[in-house]
Each structure stands twice: as structure tokens, then as C-alpha cells.
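In: The following block contains a protein sequence and its predicted model.
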Amino acid sequence: MICQEDLTPPRDVVNPEYNPSRTKVNWTIQEVPQGDGTQGQIAEVKHFRVLHLHGNDSHARFLTSAKPGHYAITIALDIQSSPALSDTDQQKLHNDGIGWLRVALGTLHDKKAFFTGRYREDTFDSISMTEESLPHKLLKDYWWDVIRIPIGQSVMQIQSDVVLSVEGSYAFGTDLGLIMQWSGVATFQNSHDAVTRLAVIHIRLDDLLEYDEPLVRAPPPTTSPTKPQTLSQSQPETTDADEEDSDGDDLSVEDWIQALSQIQQEVQDAQQRDTLEAILMQRLQQEEQERQEAVISALYLKAALQHHAREQEEKRKQEQALRLLQLLGLYYR
């Protein structure tokens, strides 16, 4: 698990605190207490770097590390929308999205360039990349994904659909770079405040080779959608003649029986609808679980095959070295 305190930002020249005119804030440090501090204990305070996403295309970088392994990745982000958004703005952003976010994690081409290099910002609206894209310039072996930034969702999880293979020393670990880019982000017309802010909560790395069985991820918790209200049938309009007839005549037994039958039928129809909805929901959840299990099984198999191929390659190189020594007369069985 890589937490916020394990992420090291580069030099301020790469990710400055303010824009050149010092009218907009690019990032702030937010203190978040951990625990309630009861029983005389002092609550621990963690510091989160909160990124302010403005209308111009930009990015942030962080350096971290991990031990060698074949990892499935889950990145948890905290998203905060500006309280200055009106109901109309929120509805529009709910339909169109706030903007695009590209997240990339991988090994580095050059650590110094990652910390100090300055590059042209990318403009993007899809998952495709080119050789001029920033992650391709800074990262060697990496995974990336592109999503629309939602509104009204405080915590978002981004899960990889491939395995990130990290090689290196178990004693010292391997440097990893996290790049977060945003493009086409909505902005206020008459304010320097950011429409949205986000911070990395944690990065979870699951080494697939450490599991005896394929890893199956549970989907992130979501709020159940509100069940639509069922409107009752409208009663037929009553004319003056009907009112006069109803005043003078009482309901017959047949009318009561018909009314009770109609109510009973409506109750049965509602029960059948609820049962059908429950069956459909269960079927959808089962299909989603099967799909996730199939994806993770494929990732697990791919990682195992890569590990086996690497072992075979090492064995082949050793045999070639022994044969060379035998030809040189430096080794005898």
C-alpha cells in the first residue's frame, strides 16, 4: 500500500504552488486528523497535497517506490467539487463531466529528468497516446488509464486491467513515477477558484504471484440509486350527475368485490415487479463478478507465464555461458 506520505513531489519549478501571475493556486496542503484523540491520545495528523484543477491543461508528478513483483493496481482518489457551483452548473457538469483525467504509473527512464524536466502539456480526450505524450517521455514500463472526472462522487477508484511488472532489488526497491494529467477541465468565468480538486488517498499494489488463487477485487462501494416512485392510477373525474346518483345509491356487494379484487391485483403486480427487479439485479451482479474473475484470472496467468519465461531465459543464458567456458577450456564437468 502506497499512502500519501509515500509520494514525493518534484521540484517546485515542475509543479509550482501558483501560476505565473500568482492569481491561481495549483495545489495546497490539507491537514486531515486520523482518529478522534479520545482518552488523552493526540490524534495523528496526515498531510495531503490537494491538486487544484483549472481550465488549462496541466499535470502533477510524484515519485515513490515498490519491491519487484507483478502488480494489479488500484488508485483511490478524493474528489472535491467547488461549493460555488450552482444547481444549474452541477446539472450541466453531471451530464458532460468536469474534464478528462489521465493517470499513469510505472518505472522511470531517468530519475533526474522526472524531478526537474519541464515538458509541453498534453491535450487529450481519449485513452490513446503518442510518442509525444508525457507518460511515454518519462516512464519506461507503465500502465495508464483515462477517465471523465465525475461530479458528486467524493471517492473514486481506478483499477488497472493489465499487470505492471516491476524488476529490481528487493533490498532497495524500484523507483516508480505517478503522473496525473488533466485536460479540458471546466472553469469559472469570473473566479480564480478551481471547479474541482483532487488528492491521492492511496495506491494499492497487489502482487499476483503472492496469491494461491486469482485475486478477485470487490467493486468500490457505491450509493444505491433511488428507486423511482410508482404513481397510483388517477381516479376518473366525477360529473354532477354521478355525484347525485352516488348520494342516493349505496355501493353494491359486487362493487365492493370488484374494488377488493382490483386492489389485490395491484399488490400482486407490485410484488412481481419487485421480485423481477431483485432477480435482474442479482443476475447483473453475478455477471459482473464473473467478468472480474475472468479478467483477474487472465492477469494471473499472464504474470505466471512472464515469470516462467524469465526463468527459462536466465537458464538458457547460464547454459550458454557454461558452453562458452568449456570451449575456452576454463570449465570441465
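Out: Sure, I can see it.

In: how close does the residue nearest to residue 206 when sequence neighbours are not counted get to residue 121?
Out: Leaving out its chain neighbours, the residue that sits closest to residue 206 by Cβ to Cβ, 6 or more residues apart in numbering is residue 72, at 4.6 Å. C-betas here are computed from N, CA, C, even on glycine. Per Cβ to Cβ, to the nearest Å, residue 72 is found 29 Å from residue 121.

In: Which one's more surrounded, these two?
Out: Each of residue 72 and residue 121 has its neighbours counted (other Cβ atoms under 10 Å); residue 72 has more, 24 against 13.

In: give me every residue that touches that one.
Out: The contact partners of residue 72, taken as Cβ atoms under 8 Å, 6 or more residues apart in numbering, are 159, 160, 163, 164, 205, 206, 208, 215, 217, 296, 299.

In: And it, what's its pLDDT?
Out: Model confidence at residue 72, given as pLDDT, is 90.

In: Can you list the strands that the host helix or strand of it pairs with?
Out: Element membership for residue 72 (DSSP states H and E) is strand 69-81. Sheet pairing of strand 69-81 (DSSP bridges) gives strand 155-159 (antiparallel), strand 164-166 (antiparallel), strand 196-207 (antiparallel).

In: Export only the CA atoms of it, formatted as PDB.
Out: What follows is strand 69-81, C-alpha atoms only, in PDB (Å, rounded to 0.1, in the frame of the first residue of the first chain):
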ATOM      1  CA  GLY A  69       6.700  -8.000  -8.500                       C
ATOM      2  CA  HIS A  70       3.800  -8.300 -10.900                       C
ATOM      3  CA  TYR A  71       1.100  -5.900  -9.800                       C
ATOM      4  CA  ALA A  72      -2.500  -5.200 -10.300                       C
ATOM      5  CA  ILE A  73      -3.100  -1.500  -9.400                       C
ATOM      6  CA  THR A  74      -5.900   0.300  -7.600                       C
ATOM      7  CA  ILE A  75      -5.600   4.100  -7.200                       C
ATOM      8  CA  ALA A  76      -8.100   5.800  -4.800                       C
ATOM      9  CA  LEU A  77      -8.700   9.500  -5.300                       C
ATOM     10  CA  ASP A  78     -10.600  12.000  -3.200                       C
ATOM     11  CA  ILE A  79     -12.500  14.500  -5.400                       C
ATOM     12  CA  GLN A  80     -13.900  17.800  -4.100                       C
ATOM     13  CA  SER A  81     -16.200  20.000  -6.100                       C
END
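
In: I'd like to check the angle between the helix or strand just after it and strand 69-81, please.
Out: Note on strand 69-81: by DSSP H and E, the next helix or strand toward the C-terminus is helix 87-96. Orientation of helix 87-96 against strand 69-81 (axes from the mean of the first three to the mean of the last three Cα atoms, to 10 degrees) gives an angle of 150 degrees.

In: Tell me the first helix or strand C-terminal of helix 87-96.
Out: strand 100-108.

In: Spit out the contact partners of the residue nearest to residue 119 when sequence neighbours are not counted.
Out: Spatial nearest neighbour of residue 119, chain neighbours left out: residue 134 (5.7 Å); criterion: Cβ to Cβ, 6+ apart. With contact set as Cβ under 8 Å, 6+ apart, residue 134 has these partners: 59, 119, 121, 122, 179, 181.

In: Give me the distance between residue 134 and residue 121.
Out: Counting by Cβ to Cβ, the gap from residue 134 to residue 121 is 8 Å.

In: Give the residues shared as contacts by the two.
Out: 59, 181.

In: Name the pair among the contacts of residue 134 with the greatest separation in space.
Out: 121 and 179 (11.6 Å; Cβ to Cβ).

In: Quickly list what's touching both of the two.
Out: In contact with both residue 121 and residue 179: 59, 134, using Cβ under 8 Å, 6+ apart.

In: Could you report the separation of the residue nearest to residue 119 from residue 102?
Out: 9 Å.

In: go on, residue 53?
Out: 12 Å.

In: Residues in contact with both of those two, list them for me.
Out: Common neighbours of residue 53 and residue 102 (Cβ under 8 Å, 6+ apart) are residue 182.

In: Show me the shaky parts of the stretch 1-150 of the chain.
Out: 35-43 (pLDDT under 70).

In: can you give me the helices for it?
Out: 87-96, 111-116, 134-138 (DSSP state H, counting those that start in this stretch).

In: Could you do the stretch 151-300 of the chain as well?
Out: 240-248, 253-327.

In: Buried deepest among those helices, which one?
Out: helix 253-327 (a mean of 11; mean count of other Cβ atoms under 10 Å).
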